[in-house]
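Novice: return atomic coordinates for the entry below.
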Amino acid sequence: MRRIIILAALLFAAVHGAAAQTPGNPQLKWSLRFDTKFDNHENDELRYLAPAVNSMTLFSTRLVPAVGFGWSDGNGGRHTLMAGASLTWDISENRTLHPREPIVFYNFSSDAFDIYAGKFERRNLIGGYSRAIFAGVATFYDNVVDGIALQYHPTNGKLELVLDWDGIKTATNRESFRIMSGGEWRPVDTRAVSWFMAGYSFDLYHLASSIGGGEGVVDHFAVNPWVGVDFVKFGLPLDVATLQVGWFQTMDRDRAGADRWLTPGGATIEAAVQKWGVGVRNRLYLGDPLMPLRGVAGVAPFASKIYRGDPFYSAIADTRVYNYTYIYWLPKLGDYVNFEVSAGLHTDGRNVGFQQTLGVSVAIDDNMFRKKTAL
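Specialist: All right, here's what the predicted structure looks like:
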């Protein structure tokens, strides 16, 4: 853990030092984001898989106000210090789905680098993570990262490293943290292989013990490298037309149990097409059921922290197949409003579950009243 913190500090110092900061006059900055999401799951035919995939409906609203200061350093670097809150209300009045957290973060930004440090919104991440790593309820309700995100985003790709501190060691709480990384690379358009793309997503979770000890330490690793083809580069009259093929591999261990590594894995295939804001996406997984410690005694109460992926990936022991196909519509409602409607089918190869979502996001900030060249 100490080495990870030292590495993050050195990367921060290298990028921050390269800017040779000479602060100008700070400017007042503010932002206000509104999100609401309706998410309905009809999985009666799949109830035999696991309780985690039972039918349910979630309908929630979130408001994220923030205010702070920003300044330029004269060498292309932009600095921002913000404070606010992420406030979520669930229509069911289920208090377990009421995350309300402060937001306090520093952001350094340049043409190729970004650094976030503190408590910041998860929407600032750029990694592009597999749904087996982060999906489902977690994508809306776990809105705040507590830690550091280091990002590199050249014109032909992106790379990210995230440290998310999930729990501090106390007499009643176990120490835990997550490290995530994701990236994507494409050749420049002038090359003959501009249609090629490659990427990965990575997840590490460490669940230690409380001050009193006695709990078993749990280790979790997952990595999903992939390669793909962008068919738009061949002249197809579509906004999106991609095919990605990869492998998802995990390593899990409960040191208090058998103390051996469990290594489920499988192949991933993803295809997507989109035109005029209407698209179809299919995600197929062929392999072992993932998240093997979900039902293990002593680990089960913490499974929702360790495993943040779609629970369908863990409930396919009989068929070893999971497929999710959905259609969506992203109508253009202006510069500050995003609207999404989707409907999809989950299947384990034998039975089908149905999901419908409706989401609306509104994001405004001080740049609404400034010239495009302003900070």
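Novice: could you pull out the strands for the stretch 201-350 of the chain?
Specialist: 218-230, 240-254, 265-275, 278-287, 321-329, 337-347 (DSSP state E, counting those that start in this stretch).
Novice: mind checking how far the fourth one is from the chain centre?
Specialist: Right, strand 278-287. Distance of strand 278-287 from the chain centroid (C-alpha atoms, centre = their mean, to the nearest Å) equals 18 Å.
Novice: now do it: everything it contacts.
Specialist: 131-132, 240, 248, 264-274, 313, 316, 320-330 (C-beta atoms under 8 Å, 6 or more residues apart in numbering). Yep, even glycine has a C-beta here, placed from its N, CA and C like the rest.
Novice: swap the cut-off to 6 Å and go again
Specialist: Residues from elsewhere that reach strand 278-287 (C-beta atoms under 6 Å, 6 or more residues apart in numbering): 265-273, 321-325, 327-329.
Novice: ok, and the closest non-adjacent residue to Thr155?
Specialist: Leaving aside its chain neighbours, Thr155 sits nearest to Val188 (7.6 Å; criterion: C-beta to C-beta, 6 or more residues apart in numbering).
Novice: and for Pro225?
Specialist: Pro225's closest residue in space is Tyr200 (C-beta to C-beta, 6+ apart), at 4.4 Å.
Novice: same check, this time on Phe59
Specialist: Counting by C-beta to C-beta, 6+ apart, the nearest residue to Phe59 once its immediate chain neighbours are dropped is Ile91, at 4.2 Å.
Novice: all helices for this protein, in order.
Specialist: 2-18, 138-141, 303-306 (DSSP state H).
Novice: looking at these, which has the lowest confidence?
Specialist: For the helices of the chain, mean pLDDT drops lowest on helix 2-18, to a mean of 46.
Novice: that older thread, what's the per-residue pLDDT of the residue nearest to Thr155 here?
Specialist: Note for Val188: predicted pLDDT of 84.
Novice: wait, doesn't the residue nearest to Phe59 sit right on Thr57?
Specialist: No - look at Ile91 against Thr57 with C-beta atoms under 6 Å: they stay out of range, at 8.9 Å.
Novice: quick one: end-to-end distance for stretch 301-310.
Specialist: 17 Å (C-alpha to C-alpha, to the nearest Å).
Novice: quick check: buried residues in that stretch?
Specialist: Phe302, Ala303, Lys305, Ile306, Tyr307, Arg308, Gly309, Asp310 (16 or more other C-beta atoms under 10 Å).
Novice: show me the shaky parts of the stretch 101-250 of the chain.
Specialist: For the stretch 101-250 of the chain, no stretch is flagged by pLDDT under 70.
Novice: Asn143 touches Ser86, doesn't it?
Specialist: Yes - counting by C-beta under 6 Å, Asn143 touches Ser86, with 4.9 Å between them.
Novice: what sits in contact with each of those two?
Specialist: Counting by C-beta under 6 Å, 6+ apart, no residue touches both Asn143 and Ser86.
Novice: just so I have it, where are all the strands in the stretch 1-150 of the chain?
Specialist: Along the stretch 1-150 of the chain, counting by DSSP E, counting those that start in this stretch, strands occupy 27-42, 56-72, 78-90, 100-109, 113-121, 144-152.
Novice: wait, Trp30 touches Pro65, no?
Specialist: No - when contacts are counted by C-beta under 6 Å, Trp30 is not listed as touching Pro65 (7.8 Å).
Novice: what residues are shared contacts of these two?
Specialist: With C-beta under 6 Å, 6+ apart, Trp30 and Pro65 have no common neighbours.
Novice: so what's Tyr285 closest to, chain neighbours aside?
Specialist: Tyr285 sits nearest to Tyr322 (C-beta to C-beta, 6+ apart), 4.6 Å away.
Novice: hmm, I was thinking of Leu150
Specialist: Closest residue to Leu150 apart from its sequence neighbours, by C-beta to C-beta, 6+ apart: Leu161 at 4.7 Å.
Novice: which residues does the one you found bridge with?
Specialist: Leu150, Ser181 (DSSP bridges).
Novice: number of residues surrounding it?
Specialist: 20 (other C-beta atoms under 10 Å).
Novice: gap between the closest residue to Gln274 other than its chain neighbours and Gly277?
Specialist: Nearest residue to Gln274 in three dimensions, chain neighbours excluded: Val240, at 3.7 Å (C-beta to C-beta, 6+ apart). For Val240, the distance to Gly277 equals 10 Å [C-beta to C-beta, to the nearest Å].
Novice: kindly report the same for Phe134.
Specialist: In terms of C-beta to C-beta, Phe134 sits 25 Å off from Gly277.
Novice: tell me which of those two has more neighbours.
Specialist: Using other C-beta under 10 Å, the more surrounded residue of Phe134 and Gly277 is Phe134, with 22 against 13.
Novice: where's the more buried one relative to Asn323, distance?
Specialist: Separation of Phe134 from Asn323 (C-beta to C-beta): 19 Å.
Novice: beta partners of Ala198?
Specialist: Beta bridges link Ala198 to Trp185, Val227, judged by DSSP bridges.
Novice: and for it, the neighbour number?
Specialist: Other residues close to Ala198 by other C-beta under 10 Å number 16.
Novice: same thing with Leu28?
Specialist: 9.
Novice: bridge partners for the closest residue to it other than its chain neighbours, pull those for me.
Specialist: Leaving aside its chain neighbours, Leu28 sits nearest to Phe69 (6.4 Å; criterion: C-beta to C-beta, 6+ apart). Beta bridges link Phe69 to Leu28, Leu81, judged by DSSP bridges.
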